[in-house]
Structures are given as structure tokens and as C-alpha cells.
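>>> A predicted structure for the sequence below; I have some questions about it.
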Amino acid sequence: MYKIAIAGAGAMGGRIGAYLKQNDEDVVLIDRWQDHIDEINKNGMEIQTETETYTLEIRAMQPEEVKEKFDLIILLTKAMYAEDMLKALKDIGAITESTAILSMMNGLGHADYLSKYVPKSQIFLAVTMWTAGLRGPGQLLLEGKGGIECQRSDGQPDERTERIVQVLDNAGLNAKISDDVFFSIWSKVAVNSVLNPLCTILDKTIGEFGEYEDAREMLTPILKELVAVANARGTNVVFETLLAKIEATYPNEAQGLHHPSMHQDYTNKRLTEIDYLNGQIAKYGDELGIETPTNDLITHLIHQLEMKYA
Ligand SMILES: NC(=O)C1=CN([C@@H]2O[C@H](COP(=O)(O)OP(=O)(O)OC[C@H]3O[C@@H](n4cnc5c(N)ncnc54)[C@H](OP(=O)(O)O)[C@@H]3O)[C@@H](O)[C@H]2O)C=CC1
Ligand SMILES: CC(C)(CO)C(=O)C(=O)O
């Protein structure tokens, strides 16, 4: 049996884990939120979709309680907790030399810090357009459709990539192998590094942000710096294409009615993923000698907001 762990089983990890479990895969949820684990083990995971609400039986535990070894570990903690999770799973012996570690988190730089624990040939990267929410411990809210693109982090072909994509796709997650996952990552980061901090600072939905007549002028410096950094790092992205991707989120029937996840983190008094978005763009800029004053400023603004709750 192909053994799968979802490491970080919040909203998104819950979505992926539930789909895999419903397709009879051997999957376990691993998380640090004890109330969430207890609720899932006691009453099952309650899943609300656009059309129904039902309960799914699935195992959940803390990383230290794991007793098995996995073929695939899908990392879906918030980015700042991924190292702690991977280290805990490594220390407990859940990772072998052939275990594939698949990061599906938003943001930049994951393969670099994860490679302190496993070689890059064991790290796989994915970008997902699926979304998910939590209504409380053990209570998933699943709306909309999405897809997943995946590749080994060093770009090398690998039979494990085919297996991962097959398992995800068979479960209805609309997965495919990417021939340049970094292009997909930078494209998603463009959306997140504009909308997530600006909607958080302004306390707006994506649609409300887009209604402002000078929204394009406002986001241009963030995006121009991102394009310069991505291109200097060897991923060719085009300003106009990324702008169109961002503006396509504004209508209500797209993501217009939603507050981005960073806004939700801030509202829930939790830390945000800013250091893996604008903060990482600025860090790469420093390394390359590319000025990124706007991304620096945005990062500081969000850190100042986080200080209210730190
Ligand atoms: N949600 C989405 O629609 C999407 C999310 N992503 C990415 O997926 C990754 C995971 O995000 P997501 O699933 O949204 O994160 P969640 O906030 O839902 O869950 C992340 C972790 O936060 C903790 N947590 C969440 N809510 C609470 C709470 N109320 N009380 C205590 N602990 C809580 C849990 O563990 P712990 O206590 O160990 O932190 C949980 O595993 C991120 O990188 C995100 O950017 C990507 C695409 C879409
Ligand atoms: C919905 C979207 C695309 C907004 O930036 C997102 O990925 C998020 O909320 O983190």
C-alpha cells in the first residue's frame, strides 16, 4: 500500500487528505492543533460542500505519535511551521530515503530550507488553485474547483512524480506534471504578494480592492520588482500576463468576494506568510543587487501589524 501523510492538516491539508481518503488511499493527517485532532478522531471530519454536508472517518495525530514510514508526505502547514514539522517527522523515523516530500504551500523558497533535512531530489513542489476553509476544529468548508501542478524541485524527471500526480488525479484533484513548476510558483506568488498584503492592510475583499480606479497604479511597483527578481533568477515571467492574472480575480464570480488568506490569518491573530511572499522577493533582490523598496515596505507594514498580536 502507498502510505501518505498530510503534514499540516488545516483547511488545505484537510481538503487534500479528504479527497485521498475518499478514494481509499492509506492516508493519515498530522497536525499540532490538538482540539482539531481530537475532534477528527472522536467524531470524524465534518465536510461541508456547496451541495452537502457529511462526515468522513480519517486518522489524525501529532507528529510525535507517528509510528509508520511514508511513501509520500504532503506538506501543508503554514510556511513558517514547515521546518518544525519536517524535523519532527524526520526525528521520529517517518521519512526514509525514498519518501517524497511534496510542498504544496504558497510562497517562495521552500525547497531551499527543506533541503537542510532531505536532499532536493526527495523534495517535490506543487502549486494549487484549490481553496479551502475551516469553520472550526474538524470542520472543513470546501467550495469551488481547482487544480495541482507538480514537479521534482530540481527539475529532474522521477517515477515518483508520476505516481504522486496519478494518486492526486485519481482522487479528483485535477493534477498534472509541470514542466516548469517555478513558473507556476512565481505566477501564483504574483497574485499573493499583491492581493494578500494590500487587502490585509486596507481591510478589503479582493473585489473591493479592485474597485479602486487606481488599483493598477498601486500594484505596479510590487509587480515590477517581482518580475525583475524572477527573471534574474531564471524564471521568465511577463508583467502584463501577471497583471491580467491578478485582475482576473476581482469579479465576484472569481475571488472578488473573498478576503485573502493573509487577511484571515491577521483577523484570527495568527502570524502571516509575508516572509515567503514579499519578504522573500526582497531577500532574493538583495542577493541579486536588485532594488525592491516596495516589497521591503510591504513586508515591514505587515510585520508591524503582526506585532499587535505577537
Ligand atoms: N486555504 C487555502 O485556500 C489555500 C491555502 N494554501 C496554502 O496552504 C498552506 C496551509 O494553509 P491553510 O490550510 O489555509 O492553513 P490553516 O490556517 O487552515 O491551517 C494551518 C495550520 O494552522 C493551525 N490552525 C489553523 N486554524 C487554527 C485555529 N483556529 N486554532 C489553532 N490552530 C489553528 C493548524 O496547525 P498548527 O497549530 O500546527 O499551525 C493548521 O494545520 C499555506 O501555505 C497556504 O498559503 C494554498 C492554496 C489555497
Ligand atoms: C485567494 C488567493 C488567490 C488570494 O490572493 C489566495 O491564494 C489566498 O487567499 O492566499
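Sure thing, it's come through. Ligands and ions are numbered 1, 2, ... in the order given.

>>> all contacts plus neighbour counts: C-alpha atoms, from now on.
OK.

>>> which parts of the stretch 101-250 of the chain sit against ligand 2?
Contact residues (CA under 6 Å from any ligand atom) of the stretch 101-250 of the chain with ligand 2: 191, 192, 195, 196.

>>> State the number of residues packed around the last one.
Other residues lying near residue 196 total 25 when counted by other CA atoms under 10 Å.

>>> Help me confirm that it is found in a helix?
Yes. Assessed by DSSP: H, G, I helix; E, B strand; the rest coil, residue 196 belongs to a helix.

>>> Cross-check the contact I'm expecting between it and residue 260.
Yes. Checked against CA atoms under 8 Å, the pair residue 196 and residue 260 is within contact range at 5.3 Å.

>>> Without its sequence neighbours, what residue ends up closest to residue 27?
residue 4 (4.7 Å; CA to CA, 6 or more residues apart in numbering).

>>> Also residue 184?
Residue 184 sits nearest to residue 127 (CA to CA, 6+ apart), 6.6 Å away.

>>> Is the residue of the stretch 101-250 of the chain found nearest ligand 2 within a helix or a strand, and which one?
Closest approach between the stretch 101-250 of the chain and ligand 2, counting by CA to the nearest ligand atom: residue 192, at 4.2 Å. Assessed by DSSP states H and E, residue 192 sits inside helix 181-202.

>>> pLDDT score for residue 129?
Reported pLDDT at residue 129 in the predicted model: 88.

>>> How about residue 308?
89.

>>> what's around it, how many residues?
Applying other CA under 10 Å, I find that residue 308 has 9 neighbouring residues.

>>> where does this protein dip in pLDDT?
310 (pLDDT under 70).

>>> Let me know the outermost residue of it.
Going by CA atoms, centre = their mean, the residue of the chain most distant from its centre is residue 213, 30.1 Å out.

>>> what's the distance between that residue and residue 196?
Counting by CA to CA, to the nearest Å, the gap between residue 213 and residue 196 amounts to 19 Å.

>>> Partner strands of the lengthiest strand in the chain and their direction?
As assigned by DSSP state E, the longest strand anywhere in the chain is strand 95-103. If you go by DSSP bridges, strand 95-103 pairs up with strand 70-75 (parallel), strand 123-128 (parallel).

>>> is that strand up against ligand 1 anywhere?
No. Contact of strand 95-103 with ligand 1 (CA under 6 Å from any ligand atom) is absent, the minimum separation being 8.7 Å.

>>> Alpha carbons of that strand, as CSV, please.
The C-alpha trace of strand 95-103 is given here as CSV (Å, rounded to 0.1, in the frame of the first residue of the first chain):
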residue,chain,number,x,y,z
ILE,A,95,10.9,9.6,6.5
THR,A,96,13.0,7.1,4.5
GLU,A,97,15.5,7.7,1.7
SER,A,98,12.7,7.1,-0.8
THR,A,99,10.0,9.2,0.8
ALA,A,100,8.8,12.0,-1.4
ILE,A,101,8.2,15.3,0.4
LEU,A,102,5.7,17.4,-1.6
SER,A,103,5.4,21.0,-0.6
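
>>> which non-adjacent residue is nearest the residue of the stretch 151-300 of the chain found nearest ligand 1?
For the stretch 151-300 of the chain and ligand 1, the shortest gap (CA to the nearest ligand atom) falls at residue 261, measuring 6.5 Å. Spatially, and ignoring its direct neighbours in sequence, residue 261 is nearest to residue 196 (6.8 Å; CA to CA, 6+ apart).

>>> One more: residue 77?
Closest residue to residue 77 apart from its sequence neighbours, by CA to CA, 6+ apart: residue 8 at 4.0 Å.

>>> The chain: strands as residue ranges?
3-7, 26-30, 45-48, 53-56, 59-61, 70-75, 95-103, 123-128, 133-136, 139-141, 148-152, 175-177.

>>> right, and those - which one's nearest residue 290?
strand 123-128 (25.8 Å; CA to CA).

>>> now the angle from that closest one to helix 181-202?
Interaxial angle of strand 123-128 relative to helix 181-202 (axes from the mean of the first three to the mean of the last three CA atoms, to 10 degrees): 50 degrees.

>>> what's next to strand 123-128, contact-wise?
Defining contact as CA atoms under 8 Å, 6 or more residues apart in numbering, one finds that strand 123-128 is touched by 100-106, 111, 114-115, 146-153, 161, 181, 184-185, 188.

>>> Could I have the buried ones of those as PyMOL selection syntax?
Buried residues among the contacts of strand 123-128 (16 or more other CA atoms under 10 Å), as a PyMOL selection:
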select buried, resi 100+101+102+103+104+105+106+111+114+147+148+149+150+151+152+153+161+181+184+185+188
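
>>> Please name the residues that touch the residue nearest to the spatial centre of the chain.
A centroid search over the chain (CA atoms, centre = their mean) returns residue 105, at 2.4 Å, as the residue closest to the centre. Going by CA under 8 Å, 6+ apart, residue 105 touches 75, 76, 77, 78, 79, 126, 127.
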